[in-house]
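Chemist: Requesting a structural model of the entry that follows:
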Amino acid sequence: MQTLYVSLALFLLLNLIVGVWRVLRGPTAADRMLTAQLFGTTSVAVMLLLAQATDKPALHDVALVFALLAAVTAVTFVRRVWGDKETKHDTH
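Modeler: You can find the predicted model right below:
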């Protein structure tokens, strides 16, 4: 079972390589933000898989921190990018 967890973690890391390509090539800031969200959710999944594979419960805590950081990052991005646009429309 340990081999399955490690194999799935490696597969997810390969998906992140595709995500890096999207960050470099993404035409808009929203594309880049969605890729950052992919990094966040994938890192949570990898940490949980490695926690099961290595039987280290501390990795569950790391996964929780990654999940919180991903959520805060998304909210911050939306408020900075789309929040400014709405403020400009209200002043006209």
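Chemist: what number of residues lie near the closest residue to residue 53 other than its chain neighbours?
Modeler: Using CB to CB, 6 or more residues apart in numbering and skipping the chain neighbours, the partner closest in space to residue 53 is residue 5 (3.7 Å). For every residue, glycine as well, the C-beta is placed using N, CA and C. The tally of other residues near residue 5 (other CB atoms under 10 Å) stands at 17.
Chemist: Hmm, residue 5 is touching residue 49, no?
Modeler: Yes: if you go by CB atoms under 8 Å, residue 5 and residue 49 touch, sitting 4.7 Å apart.
Chemist: which parts of the helix or strand containing the residue nearest to residue 53 are buried?
Modeler: Counting by DSSP states H and E, the secondary-structure element that holds residue 5 is helix 2-25. In terms of neighbour count (16 or more other CB atoms under 10 Å), helix 2-25 has its buried residues at 5, 8, 9, 12, 19.
Chemist: Give me the average confidence score over that helix.
Modeler: In this model, helix 2-25 carries a mean pLDDT of 87.
Chemist: Could you number the chain from 13 rather than 1 from now on?
Modeler: Okay, residue one is now 13; in that scheme the one you just asked about reads as helix 14-37.
Chemist: Could you measure from residue 22 over to residue 59?
Modeler: The spacing between residue 22 and residue 59, counted by CB to CB, to the nearest Å, is 14 Å.
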